[in-house]
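# Pasting a predicted model and its sequence here:
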Amino acid sequence: MDPRALLEVIRVQRHDFLNHLQVISGLVQLNKSDRVRDYIREITGDFERMGRIIHLKSPEATAVFLVAGLRAAERQIELDVRIEGDLAGCAVPGAVMERALESVFALALSALAPPEISDRRLRVYLDGKGEHCALRLHWISPDGMDADGLREGLAGVDELLVPCGGETGLTVESDRTEIFILLPRRAEHGLGGT
């Protein structure tokens, strides 16, 4: 991972935090206490989502998720991340996981990047509680989407993951596209995460 990308994440977060303080200050000055409470609740939800990313127990995956959020925002793509569990017992080495996740996020964000796409929402679900750590990325299929390009990109990700016991998959339907990754757990870790 390019450290400059992480520095950019920090710079953007700092800017957003200062902006939040300015908005709250302005609402207080306008005596809009109900709106202040709503706004604080809204940004607290954002911080809670970020907290779940930070607690993935994989520095490499955390970095990829944070940078993916930045890249999505740059392309005006809404990134909806839901995380259950963590990656603590994942058997895939961190460097391999980083490259695989970077590739998968790049594929999904590229599929949603064309400006003519109206539903620019990428939903990401990570389930780190089962026998495998499972990651799903799905979105509304745009007209003319390059499914062959996605398959080609995922073949490269499989080259990284299969030797570690992982795998990828792709589902392309008329109304949605889904990429999934299964990452095995270390035998000594067992089920359920920590």
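Cool, got the structure.

# Chain neighbours aside, what residue packs nearest to the residue sitting nearest the centre point of the chain?
Centroid check for the chain by Cα atoms, centre = their mean gives residue 65 as the closest residue, at 4.4 Å. Spatial nearest neighbour of residue 65, excluding adjacent residues (Cβ to Cβ, 6 or more residues apart in numbering): residue 53 at 4.6 Å. Placement of C-beta: from N, CA and C, glycine included.

# how many neighbours does that neighbour have?
Per other Cβ atoms under 10 Å, the neighbour tally for residue 53 reads 19.

# quick one: it from residue 116, how far?
With distances taken as Cβ to Cβ, to the nearest Å, residue 53 is found 30 Å from residue 116.

# so which strand or helix has residue 17?
Residue 17 is part of helix 3-29 when elements are defined by DSSP states H and E.

# just to revisit the earlier point, what residues does the helix or strand harbouring the residue nearest to the centre of the chain touch?
According to DSSP H and E, residue 65 maps onto helix 59-74. With contact meaning Cβ atoms under 8 Å, 6 or more residues apart in numbering, helix 59-74 is reached by 1, 5-6, 8-9, 12, 50, 53-54, 56, 78-79, 81, 87, 94-95, 97-98, 101-102, 105-106, 109, 122, 124.

# For the protein, which segments are assigned as helices?
Secondary structure of the chain (DSSP state H): helices at 3-29, 33-54, 59-74, 94-112, 147-161.
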